[in-house]
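>>> below are the sequence and a predicted model; questions follow.
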Amino acid sequence: MDTAATDLTFRDATVADVDTLVALVESAYRGEASRAGWTTEADILDGQRTDAEGVRAAIETPGSTVLTVERDGRVVACCQLEHRGDHAYFGMFAVSPALQGTGLGKRVIAEAERQARLRWGVREMHMTVISVREDLIAWYERRGYRRTGKRTPFPYGDERFGIPLRDDLEFELLVKELA
């Protein structure tokens, strides 16, 4: 099914969405349920991907929003946008595993870029991706993001970001110029 042709509602999350968003993000990246989609990190990280405190902060912090995507009244995707001076940061991107590969992710990222331009007038979107996620990085490259080679260490020992199952994890900065 091509989700790009279905009826979606985009809105800013509220604190009432916190539990739903945590469940969505966890289902897309962690545990056995995440293996239904292609974005799983289950082979490289265990533990949590996010928590209620982190999602609540992303919703309530000035200059930040969690773009929530609904279809038929059900939350099916989300992402965080954060204004950081001359650019926006794109994070906490999750698509329901059952809907991955349907075109929904492409629509969400396009709307996120549009929202960042409209809200803050930024000309660049930044994101960080775990560098060993070559398939995910390639997906972003097909959407116009470029690898910068700038890397930051994974926060080993901080279980808020998960429990690493390998010792070579780090984040790479990807950047896209927005038209």
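Yep, that arrived.
>>> residue ranges in the protein under the pLDDT threshold?
The chain contains residues with pLDDT under 70 at 1-6.
>>> where exactly do the strands run in it?
9-12, 45-46, 64-71, 74-84, 87-95, 124-130, 146-153, 163-164, 170-177 (DSSP state E).
>>> ranking those strands by burial, who's on top?
Stretch with highest mean neighbour count among the strands of the chain: strand 87-95 (a mean of 23; mean count of other C-beta atoms under 10 Å). Bear in mind the C-beta positions are built from the backbone N, C-alpha and C, glycine included.
>>> just the CA atoms of it, as PDB, please.
Only the C-alpha atoms of strand 87-95 are listed here, as PDB (Å, rounded to 0.1, in the frame of the first residue of the first chain):
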ATOM      1  CA  HIS A  87      19.400  25.300  11.300                       C
ATOM      2  CA  ALA A  88      16.900  22.800  12.500                       C
ATOM      3  CA  TYR A  89      17.700  19.500  14.100                       C
ATOM      4  CA  PHE A  90      15.600  16.500  13.000                       C
ATOM      5  CA  GLY A  91      15.400  13.600  15.500                       C
ATOM      6  CA  MET A  92      13.200  11.000  17.200                       C
ATOM      7  CA  PHE A  93      11.900   9.900  13.800                       C
ATOM      8  CA  ALA A  94       9.700   6.900  14.000                       C
ATOM      9  CA  VAL A  95       7.300   5.100  11.700                       C
END
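>>> hmm, back to that, kindly reformat the strands of the chain as JSON lines and extend each row with distance to A23.
As requested, those are exported to JSON lines (distance: least, C-beta to C-beta, whole Å):
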{"stretch": "strand 9-12", "distance to A23": "18"}
{"stretch": "strand 45-46", "distance to A23": "17"}
{"stretch": "strand 64-71", "distance to A23": "13"}
{"stretch": "strand 74-84", "distance to A23": "9"}
{"stretch": "strand 87-95", "distance to A23": "10"}
{"stretch": "strand 124-130", "distance to A23": "21"}
{"stretch": "strand 146-153", "distance to A23": "28"}
{"stretch": "strand 163-164", "distance to A23": "19"}
{"stretch": "strand 170-177", "distance to A23": "24"}
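>>> quick one: closest of these to Y140.
strand 170-177 (5.5 Å; C-beta to C-beta).
>>> paired strands for the closest one, with orientation please.
Here strand 170-177 is paired, per DSSP bridges, with strand 124-130 (antiparallel), strand 146-153 (antiparallel).
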